[in-house]
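# prediction below, plus the sequence it came from.
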Amino acid sequence: MKQTLHRANTRGRASFGWLESYHSFSFGHYHDPNRMQFGALRVLNDDRVAPGRGFDTHSHRNMEIISIPLKGDLEHRDSMGNTSVIRAGDVQVMSAGKGVAHSEYNKNPDRDVAFLQIWVLPDRAEVEPRYAQVSLEPESLKNRWHKVLGPRGKSEELWIHQDAWFHMGDFDAGQDIAYTLKDPRHGLYIFVIEGTVSVGGETLQRRDGMGVEGTEAVSMRILEPGRILLMEVPLAG
């Protein structure tokens with residue numbers, strides 16, 4: 001089993017006053033040829049936006065964009081006519097396809113908003129842009145892997161144009177858990193949102209990430225309670 005470890009304190013950083021962002025992979029002014037992507041997983045940004053501030057309208061094309069709020073209220077507007085607010089417990093997906101413009105703002109005047117912005121390379125180009133979001137029930141994540149999204153045609157709720165599967169769970173300390181890949185040719189990227197977990201002889205803490213490949217299943221032990229995000233993606237991204 002091959003392991004690629006990304007400690008939280010080795011991530012790229014962008015600080016603009018209104019935005020504090022940490023990049024697990026090359027993004028913007030942060031460029032590391034050894035950290036361009038993990039298979040089809042191209043971007044994993046850990047963003048914190050100041051009250052009332054945000055990203056002005058900008059465009060994307062041929063990318064699957066997933067937003068997972070961690071705290072606060074994030075307002076989304078796009079050129080497809082969608083206006084929504086996503087909060088902790090929600091997951092948002094936008095297929096940029098032929099091209100879409102959108103903005104994201106912290107709707108709160110008195111507190112930060114924090115969210116993960118994730119980009120996955122699609123398995124087809126120039127699709128019609130689309131938008132979707134769901135709310136996760138807290139009980140569905142308790143000490144188990146809950147499917148957040150899957151591939152087009154294989155996931156009833158959230159789906160993207162890629163043979164990728166995202167799972168998330170909230171685990172108590174002392175739990176021994178495992179994940180079996182949908183396709184053993186895929187890779188699995190483990191991201192610790194909160195807590196501490198032991199994987200493959202390594203101890204991963206808050207915001208650490210690890211890519212795993214060459215295995216059909218991964219076993220973990222939860223050392224401190226927290227939330228873990230798993231992203232299974234094709235390695236030929």
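In hand now; what should we look at?
# kindly provide the distance from S135 to Q37.
Counting by Cβ to Cβ, to the nearest Å, the gap from S135 to Q37 is 29 Å. Heads up, the C-betas are built off the backbone N, CA and C, glycines and all.
# show me where pLDDT drops low in this protein?
For the chain, the stretches flagged by pLDDT under 70 are 237.
# got phi/psi on L235?
Main-chain dihedrals, L235, degrees, to the nearest 10: phi -80, psi -20.
# same question, P138
phi -50, psi -40.
# for the nearest residue to V127 once chain neighbours are set aside, give its distance to H31.
Computed as Cβ to Cβ, 6 or more residues apart in numbering, the closest residue to V127 that is not its neighbour in sequence is G97, at 3.8 Å. When distance is defined by Cβ to Cβ, G97 is 26 Å away from H31.
# and what of D78?
Look at D78 and H31: by Cβ to Cβ, they are 28 Å apart.
# CA atoms only: put stretch 95-104 into CSV for me.
C-alpha atoms of stretch 95-104 as CSV (Å, rounded to 0.1, in the frame of the first residue of the first chain):
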residue,chain,number,x,y,z
SER,A,95,-20.9,20.9,-12.3
ALA,A,96,-19.2,23.8,-14.3
GLY,A,97,-19.2,22.0,-17.6
LYS,A,98,-19.7,24.4,-20.5
GLY,A,99,-19.1,27.3,-18.1
VAL,A,100,-20.8,28.9,-15.1
ALA,A,101,-20.3,32.0,-13.1
HIS,A,102,-21.0,32.2,-9.4
SER,A,103,-20.3,34.2,-6.2
GLU,A,104,-19.9,33.1,-2.6
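# pull out the buried positions in that stretch.
Using 16 or more other Cβ atoms under 10 Å as the test for burial, stretch 95-104 gives S95, A96, G97, V100, H102, E104.
# could you dump these to a markdown table with distance to I160?
Below are those laid out as a markdown table (distance: Cβ to Cβ, whole Å):
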| residue | distance to I160 |
| --- | --- |
| S95 | 7 |
| A96 | 11 |
| G97 | 11 |
| V100 | 14 |
| H102 | 16 |
| E104 | 18 |
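# now the two most distant members of those residues.
Spatial extent of these (Cβ to Cβ) is set by the pair G97 and E104 at 18.5 Å.
# pick out whichever of D78 and H31 has more residues nearby.
Using other Cβ atoms under 10 Å, the more surrounded residue of D78 and H31 is D78, with 19 against 12.
# what's opposite that one in the beta bridge?
D78 has these beta-bridge partners by DSSP bridges: H102.
# the closest residue to Q162 other than its chain neighbours is in what secondary structure piece?
Leaving aside its sequence neighbours, Q162 sits nearest to D123 (Cβ to Cβ, 6+ apart; 4.8 Å). Counting by DSSP states H and E, no helix or strand carries D123.
# show me what contacts D123?
Residues in contact with D123, defined by Cβ atoms under 8 Å, 6 or more residues apart in numbering, are A40, H161, Q162, D163, P234.
# the first one and I118 touch, don't they?
No. Counting by Cβ atoms under 8 Å, A40 stays clear of I118, with 11.0 Å between them.
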